[in-house]
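Chemist: Let's see this in three dimensions:
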Amino acid sequence: MTVYEVLTIALIFVLGTAATAGIYLGLLNWIGAAYVVRCATCRHLTVSSDRRPPQSCPHCRHPVLMHPVHAAHHPRDFADVRVMSDTLHY
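Modeler: Next up, the predicted model:
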């Protein structure tokens, strides 16, 4: 029973931290300190200090860190883990 209690407390902590971070990100966007924009290269959402989209984002620069499970299952294409055929609908 204590395992479930610990997991419940951990889940509450993670959800609370994520909600608080989202609120602060929204406030930073509201006062103009940070903007949520799309990357010019891969079109993923990223945070920028400008309204213009950055030329690269962490997803472009470090694709293995963003998709570690895919990189572990495809060791021959370790650095090529981008999903380019995924089209975004506006």
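Chemist: For residue 18, give me phi and psi.
Modeler: Reported as degrees, to the nearest 10, the phi and psi values for residue 18 are phi -60, psi -40.
Chemist: for it, what are its contacts?
Modeler: When contacts are counted by C-beta atoms under 8 Å, 6 or more residues apart in numbering, residue 18 is found next to no other residue. C-beta: built from backbone N, CA, C; applies to glycine.
Chemist: Look up how far residue 25 lies from it.
Modeler: Taking C-beta to C-beta, to the nearest Å as the measure, residue 18 falls 10 Å from residue 25.
Chemist: And residue 12, by the same measure?
Modeler: When C-beta to C-beta is the yardstick, residue 12 and residue 25 sit 20 Å from each other.
Chemist: who's more crowded, these two?
Modeler: Neighbours per residue, other C-beta atoms under 10 Å: of residue 12 and residue 25, the larger number sits with residue 25, 14 against 10.
Chemist: The more buried one and residue 34 touch, don't they?
Modeler: Yes - checked against C-beta atoms under 8 Å, the pair residue 25 and residue 34 is within contact range at 6.6 Å.
Chemist: any shared contact partners between these two?
Modeler: Contact criterion C-beta under 8 Å, 6+ apart; residues bridging residue 25 and residue 34 by contacting each: residue 47.
Chemist: backbone phi and psi for residue 27, please?
Modeler: Torsion angles at residue 27 (phi, psi; degrees, to the nearest 10) stand at phi -70, psi -40.
Chemist: count of neighbours near it?
Modeler: For residue 27, the count of nearby residues is 11 (other C-beta under 10 Å).
Chemist: can you check residue 46 too?
Modeler: 19.
Chemist: Residue 67 too?
Modeler: Under the neighbour criterion other C-beta under 10 Å, residue 67 is assigned a count of 16.
Chemist: Look up phi and psi at it.
Modeler: The main-chain torsion angles of residue 67 are listed as degrees, to the nearest 10 and equal phi -130, psi 70.
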